[in-house]
Every structure is written in structure tokens, then in C-alpha cells.
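Undergrad: here is the input, now give the coordinates:
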Amino acid sequence: MTAPYTIPLAPSASVHEHAWVTESIHLTSDGRVRYVLCAGCSVRRVDVDAAAVVPPTALTREIG
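TA: Okay, the predicted model is just below:
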């Protein structure tokens with residue numbers, strides 16, 4: 001399909017860089033799941049720490 005008929009995979013860029021604060025952490029079989037909140041705009045996200053040597057990756061898109 002050509003570009004006019006496709007659906008964007010990600011929402012448009014936010015108006016600021018988020019300052020993520022961890023609200024809670026839960027151990028799972030996939031790694032540590034973190035529930036995070038942006039200190040600036042109160043948007044929430046869920047991240048996973050798959051291994052200790054890589055940074056967390058987002059499991060969900062931003063909510064709020």
C-alpha cells in the first residue's frame with residue numbers, strides 16, 4: 001500500500017521530553033515490569049527491564 005492508505009504505528013511526538021518516575025516495580029518471568037509516570041505532564045507508561053545490561057523498553061504507549 002502507499003503511504004496515504006497506511007495507519008501510523010506511533011502517536012505524534014509529545015511537546016516535551018518526559019521525565020519518567022517509577023511508581024511501582026513487579027518481578028515477572030519476562031523481567032522487571034515498571035509502571036512509570038511523567039513528572040511533568042502525568043502521562044503513564046509500562047516498561048520492562050528484560051536484562052540488567054539494557055535500558056528499559058516501553059511495553060505500552062503513553063496514556064493520558
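
Undergrad: can we go C-alpha only for contacts and neighbour counts from here?
TA: Noted.

Undergrad: in this protein, which spans are strands?
TA: Assigned by DSSP state E, the chain shows strands spanning 20-28, 31-38, 44-49, 57-58.

Undergrad: buried residues, the longest one. List them.
TA: For strand 20-28, the neighbour count (16 or more other CA atoms under 10 Å) marks Trp20 as buried.

Undergrad: average pLDDT for that strand?
TA: The average pLDDT within strand 20-28 is 92.

Undergrad: that strand - which strands sit beside it in the sheet, and in what orientation?
TA: Strand pairing for strand 20-28, determined by DSSP bridges: strand 31-38 (antiparallel).

Undergrad: and the strand it pairs with, average pLDDT?
TA: For strand 31-38, the per-residue pLDDT averages 91.

Undergrad: still on that earlier bit, Gly64 is nearest to which of the strands of the chain?
TA: Proximity to Gly64 (CA to CA) singles out strand 44-49 among the strands of the chain, at 6.5 Å.

Undergrad: give the bridge partners for the closest residue to Val48 other than its chain neighbours, please.
TA: The shortest distance from Val48 to any non-neighbouring residue, by CA to CA, 6 or more residues apart in numbering, is to Val33 (4.5 Å). Beta-bridge partners of Val33, counted by DSSP bridges, are His26, Val48.

Undergrad: now do the residue positioned nearest the centre of the chain against Val33, distance only.
TA: Nearest to the mean C-alpha position of the chain, by CA atoms, centre = their mean, lies Ala58 at 3.3 Å. Ala58 sits 10 Å away from Val33, going by CA to CA, to the nearest Å.
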